[in-house]
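> Sharing a sequence plus its predicted fold:
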Amino acid sequence: MAPAANLPEPSPEDELDALDLAEGPEKASATVTVVREKCQGYTNCVVAAPNVFDMDDDNIATVLDPRPTGDDLVATRRAVRLCPVDAILLDDSGSGR
Ligand code: SF4
C-alpha cells in the first residue's frame, strides 16, 4: 500500500487539543505505544507526527518519543485519530483528560 501522501486538514478536535495545551503543561502529558500486531504500515502516524513515530525495517510503526509534549502531543492525538486500524494507544490517564 502506498504511503499516505495527504492528510486531512486539522479538525476541530485538533484545535481542542491545542487549547488543552494552553491550559498548562501538567495537563499535557501522555504515554504513546503502538500495537505492532495491529499496525498495517499505512504511515499516517509518521506523516502526522514525524517527531513521535517512525517506520522500522518491517514497515511497522515504532515510537521515537513515548511521552510527547506540546505540539508533538497534539500531532500524536491526530495520529491516533488517523490510524485506520486503531494501532496507536495514548494513555492520557495522568493528564486530567
Ligand atoms: S500505527 Fe496506524 S497509522 Fe501508524 S503505520 Fe501503523 S497502521 Fe499506519
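Sure, I can see it. Residues are numbered from 1 along each chain as shown.
> okay but residue 47 is in contact with residue 55, surely?
No - using Cβ atoms under 8 Å as the test, residue 47 is too far from residue 55 to be in contact (10.7 Å). Heads up, the C-betas are built off the backbone N, CA and C, glycines and all.
> More neighbours: which of those two?
Between residue 47 and residue 55, counted using other Cβ atoms under 10 Å, the more crowded position is residue 47 (18 against 15).
> Is the spatially most central residue of the chain in a helix, a strand, or coil?
By Cα atoms, centre = their mean, the chain has its centre lying nearest to residue 76, at 2.2 Å. Using DSSP: H, G, I helix; E, B strand; the rest coil, the structure places residue 76 in helix.
> Would you check how far apart it and the ligand are?
The gap separating residue 76 from the ligand is 11 Å, by Cβ to the nearest ligand atom, to the nearest Å.
> now residue 84
For residue 84, the distance to the ligand - Cβ to the nearest ligand atom - is 6 Å.
> likewise residue 36?
Using Cβ to the nearest ligand atom, residue 36 is found at 9 Å from the ligand.
> which SS class is that residue?
Going by three-state DSSP: residue 36 is coil.
> surely it meets residue 59?
No - Residue 36 lies out of contact with residue 59 (Cβ under 8 Å); the separation is 11.0 Å.
> On the pLDDT front, check the residue nearest to the centre of the chain for me.
pLDDT recorded at residue 76 is 97.
> need the contact list for the closest residue to residue 31 other than its chain neighbours.
Spatial nearest neighbour of residue 31, excluding adjacent residues (Cβ to Cβ, 6 or more residues apart in numbering): residue 91 at 4.4 Å. Going by Cβ atoms under 8 Å, 6 or more residues apart in numbering, residue 91 touches 30, 31, 32, 33.
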